[in-house]
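Peer 1: Any chance you could fold what I've pasted below:
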Amino acid sequence: MKTLLSAVAIVLLLTQCSSLMSRTTVPPGKEFELGSKNGFTARVENVGTVPVTVSERQADGRVTQLGQFKPGDQQRFDFAAQSTAVFVNATIHPAELKIVVNNGDKNLTMKYVGKN
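Peer 2: Predicted structure coming up:
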């Protein structure tokens, strides 16, 4: 239920703001994906207690790992058109990210992938 509420909150933010900010929970063993047709810029901060791996999956399927973020780490990323930002929580504890999209496409797709 918490996952569903997080996703609903993100959708509401995405449809009502010029700059989108979300505090997103990535459940243990899952990935959270943000995709865009036209590309976007996001500032990502790990505000939780576990590391998170950030990657970009290109339209052709190639995946580029952008970094593993320890708690407190933050960085700005430019995601290309037709690509997907992938946030992986490989731990047994929930991960918490603050994601701010302030440039580019704000009509983003999102989903969780991984174990139930």
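
Peer 1: is it true that Thr41 touches Gly104?
Peer 2: Yes: contact criterion Cβ atoms under 8 Å: Thr41 and Gly104 qualify, at 5.4 Å. From N, CA and C alone the C-beta is placed, and that goes for glycine too.

Peer 1: so what's in contact with the two at the same time?
Peer 2: 78-79 (Cβ atoms under 8 Å, 6 or more residues apart in numbering).

Peer 1: Just the CA atoms of the longest strand along the chain, as CSV, please.
Peer 2: Assignment by DSSP state E gives strand 95-104 as the longest strand of the chain. C-alpha atoms of strand 95-104 as CSV (Å, rounded to 0.1, in the frame of the first residue of the first chain):
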residue,chain,number,x,y,z
ALA,A,95,15.6,2.9,0.2
GLU,A,96,14.5,6.6,0.2
LEU,A,97,15.3,9.0,-2.6
LYS,A,98,14.5,12.6,-3.1
ILE,A,99,14.1,13.2,-6.8
VAL,A,100,13.7,16.7,-8.3
VAL,A,101,13.0,17.0,-12.0
ASN,A,102,13.4,20.6,-13.0
ASN,A,103,14.2,20.5,-16.7
GLY,A,104,12.9,18.7,-19.7
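
Peer 1: Strands of this protein, start to end?
Peer 2: 20-26, 30-35, 40-46, 52-57, 63-69, 74-79, 84-88, 95-104, 109-114.

Peer 1: Any buried residues in stretch 41-51, and which?
Peer 2: Buried residues in stretch 41-51, defined by neighbour count with 16 or more other Cβ atoms under 10 Å: 42, 44-46, 48, 50-51.

Peer 1: Could you work out the most separated pair of those?
Peer 2: Distance extremes for the buried residues of stretch 41-51: the farthest pair is Ala42 and Val50 at 19.7 Å, using Cβ to Cβ.

Peer 1: sorry, back to before: next, format the strands of the chain as JSON lines and append mean pLDDT.
Peer 2: Below are those laid out as JSON lines (pLDDT from 0 to 100):
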{"stretch": "strand 20-26", "mean pLDDT": "92"}
{"stretch": "strand 30-35", "mean pLDDT": "95"}
{"stretch": "strand 40-46", "mean pLDDT": "95"}
{"stretch": "strand 52-57", "mean pLDDT": "97"}
{"stretch": "strand 63-69", "mean pLDDT": "95"}
{"stretch": "strand 74-79", "mean pLDDT": "94"}
{"stretch": "strand 84-88", "mean pLDDT": "96"}
{"stretch": "strand 95-104", "mean pLDDT": "90"}
{"stretch": "strand 109-114", "mean pLDDT": "89"}
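
Peer 1: If anything else comes up later, I'll come back, but that's it for now.
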